[in-house]
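Participant: Quick check, what structure comes out for this input:
(one chain, ligands or ions: 1)
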Amino acid sequence: MLSTKLFRLVSHNGTRISMSTGVRITENPLDEKKFQHYKNLHELEKSDAKPVGWGEAKPFKSIPRPKPVPIFGNIWRFLPKIGNFHGLDFVEIQKLIWDQHGDIAVLEGLNGPPIVMLFNPKYFETLHRNEGVWPIRRGLASLDYFREMRKYTYPRFGMVQHQGEEWFKYRSVVNPILMQPRNNLQYIDKMNLVADELVDNVKFLAEQHNGEMPDNFNNELYKWSLESVGVVTLDKHLGCLKRDLDSHSETQQLIQSVLQVFELTYKLDILPSMYKYVSTSNWRKLVKALDFILKTNVKYINQTLDKLQTKEIDINDETSSVLQKLLKLDRNVAVGMSIDMMLAGIDTTGRVLAAGLYYLSKNPEKQTQLRNEAVALLQDKDTPITKEILAKASYLQGVIKEVTRLAPIAVGNLRTTVKNLIFGGYQVPSGTDVFTCNLALCTSDDYFPRAKEFLPERWLASGPKELSHKNTNPFVFLPFGFGPRSCIGKRLAHVELQTALLKIIRNFELQWPHEDMTFTTTALYGITQPLKLHVKCVNQ
Ligand code: HEM
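Facilitator: Model prediction:
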């Protein structure tokens with residue numbers, strides 16, 4: 001059952017419900033003039049005009065592509081024995097298409113509409129430079145269905161899913177709060193506490209398992225990312241990293257629900273599924289998981305509202321949390337954003353930390369360089385990390401960039417074009433889905449020298465010139481996307497990752513005595529096997 005307090009937050013028609021906090025709360029703080037300005041720009045950009053050279057460009061239907069067959073489209077390619085995509089990961093499929101068809105190809109006859117796939121940074125640039133002020137990134141259909149089902153209870157569910165005007169209004173409220181480095185660095189003390197708990201748990205697990213991390217260590221990293229997001233969005237230490245966490249506890253259920261959402265949306269939206277016609281068991285599981293996340297978030301937000309009402313916390317305080325700042329502006333956005341941050345901020349950061357620990361354990365020399373930096377900056381193993389320390393940790397920045405080059409969570413970026421465009425001499429009409437295959441290019445020697453190797457120094461101003469990222473078109477490496485639609489949690493993710501990586505490397509030596517890890521694409525990209533790191537405590 002949903003909390004009855006929920007209805008203090010949002011009414012059925014989405015209008016504001018007054019509360020006696022003594023605080024001015026506006027439903028839509030967006031300046032009308034600013035909104036009209038962007039709306040006009042958007043209308044202007046959405047033109048049917050044909051770009052220069054359109055007449056000479058080849059028609060859309062002549063873009064090279066894996067040929068679909070009647071009825072089965074290209075699905076047959078995934079079948080054993082006959083299909084050339086069988087057993088391949090999505091990134092391997094992209095590389096095959098690139099090899100066979102060149103820098104532009106169409107993938108059609110699968111679950112959704114045709115997708116134009118691009119393999120050239122100049123085309124990426126054309127796409128992003130023409131995406132407009134309200135870029136469209138088609139969301140997952142299953143989440144759209146859910147949003148429709150719950151629209152009266154949660155009118156602002158899912159920024160990721162919104163488009164156009166609705167998206168802009170939502171994002172304009174959140175941008176000044178989440179995209180401000182100052183607001184994210186404000187969490188550094190809390191991030192230190194969360195990272196310390198993770199370090200304690202790694203030490204404990206190493207003692208328990210003869211120095212090897214157990215099979216479920218990946219789960220420990222998800223607990224870390226949920227705890228980190230929780231302190232920001234819910235003003236709450238959820239206690240995810242407590243060692244005796246009961247498998248039926250609310251926190252563990254929250255972690256499982258978030259992970260399930262990713263697994264289920266992949267099954268429902270990317271693999272063939274009948275859920276749009278009949279209520280399948282995966283669809284019912286998705287609704288249950290999302291309802292659980294919503295219910296839990298609303299419960300904690302109501303607790304913050306209670307504190308505001310009793311003046312236990314002051315909403316006008318400069319150092320108030322992201323949740324408090326959002327509540328001050330628009331309560332529906334606060335609810336929606338807390339859920340978005342939970343859906344978008346747990347699996348993502350958890351996966352990148354896992355990949356980072358893997359690459360450091362595989363590359364002892366680079367690990368030593370990072371440790372030297374950590375020892376120079378942190379006098380003791382438990383010295384708290386400050387924003388001044390982070391500003392000096394240049395090798396750490398290089399490590400994070402290199403990890404997101406080799407193991408980004410999104411293998412590319414998706415946009416629906418808002419005008420007619422030409423790529424590589426082919427016409428691509430407005431309204432077409434276009435995907436930039438960034439990871440394929442990031443791991444190609446054509447774009448990064450010794451592209452398969454983990455070389456953080458390529459990102460450093462002091463690094464070898466021949467390796468420098470500056471020789472590469474900047475549109476190749478976009479792990480957080482591009483433009484107004486780029487990741488809103490980017491700065492927060494950086495603070496989380498920097499704090500955890502620096503603390504772990506200051507405390508432990510990591511080794512990887514196993515076969516190379518494989519990475520695969522589901523809804524997100526990342527490691528697939530248990531992260532059974534070998535861990536030794538650092539002496540000094
Ligand atoms: C290392 C961790 C992360 C990576 C690599 C990452 C990457 C991305 C990417 C590639 C996009 C799509 C951007 C585009 O289409 O241009 C995105 C969108 C988004 N991310 Fe992240 N993300 C991370 C962490 C986070 C965190 C911690 C949060 C929440 C606090 C978050 C919230 C979002 C949201 C809400 C969107 C949708 C933005 C919109 O549609 O306007 N992400 N992220």
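Participant: Please list all residues in contact with Lys190.
Facilitator: Contacts for Lys190 (CB atoms under 8 Å, 6 or more residues apart in numbering) come out as Ser228, Val231, Val232, His237. Where you see a C-beta, it was placed from the backbone N, CA and C, and this is true even at glycine.
Participant: Identify the farthest-apart pair in those.
Facilitator: Val232 and His237 (11.2 Å; CB to CB).
Participant: the more surrounded of the two?
Facilitator: Val232 (25 against 15; other CB atoms under 10 Å).
Participant: That one belongs to a helix?
Facilitator: Yes. The assignment for Val232 (DSSP: H, G, I helix; E, B strand; the rest coil) places it in a helix.
Participant: what's the pLDDT at the nearest residue to it once chain neighbours are set aside?
Facilitator: Leaving aside its sequence neighbours, Val232 sits nearest to Val322 (CB to CB, 6 or more residues apart in numbering; 5.1 Å). You'll see Val322 listed with a pLDDT of 80.
Participant: Number of residues surrounding the closest residue to Gly239 other than its chain neighbours?
Facilitator: Of all residues beyond its chain neighbours, the one nearest Gly239 is Thr251 (6.0 Å), with distances taken as CB to CB, 6+ apart. For Thr251, the count of nearby residues is 19 (other CB under 10 Å).
Participant: ok, now the one 3 residues further on?
Facilitator: Summarising burial for Leu254: neighbours were counted as other CB under 10 Å, giving 22.
Participant: Just the pLDDT for it.
Facilitator: Looking at Leu254, the pLDDT reads 87.
Participant: Surely it and Lys299 touch.
Facilitator: No. Using CB atoms under 8 Å, Leu254 makes no contact with Lys299, being 10.9 Å away.
Participant: Trp414: helix or strand, and which one exactly?
Facilitator: Wrong residue type there; residue 414 is Leu, not Trp. strand 413-416 (DSSP states H and E).
Participant: what's that strand packed up against?
Facilitator: Under the contact criterion of 3 or more CB pairs under 8 Å, 6 or more residues apart in numbering; DSSP states H and E, strand 413-416 touches helix 121-129, strand 433-436.
Participant: picking that back up, relative to Leu245, how far out is the residue nearest to Gly239?
Facilitator: 6 Å (CB to CB, to the nearest Å).
Participant: so what sits against both of those two?
Facilitator: Common neighbours of Thr251 and Leu245 (CB under 8 Å, 6+ apart) are Lys223, Gly239.
Participant: which helices and strands sit right next to the host helix or strand of Leu41?
Facilitator: Assigned by DSSP H and E, Leu41 belongs to helix 32-45. Applying 3+ CB pairs under 8 Å, 6+ apart, we find helix 32-45 packed against helix 164-178.
Participant: got the buried residues for the helix it packs on?
Facilitator: Within helix 164-178, the residues scored as buried using 16 or more other CB atoms under 10 Å are Trp167, Phe168, Lys169, Tyr170, Arg171, Ser172, Val173, Val174, Ile177, Leu178.
Participant: Which ones, among those, also lie beside the ligand?
Facilitator: Arg171 (CB under 6 Å from any ligand atom).
Participant: got TSV for the buried residues of helix 164-178, with pLDDT too?
Facilitator: Below are the buried residues of helix 164-178 laid out as TSV (pLDDT from 0 to 100):
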residue	pLDDT
Trp167	88
Phe168	88
Lys169	83
Tyr170	82
Arg171	87
Ser172	86
Val173	83
Val174	85
Ile177	84
Leu178	84
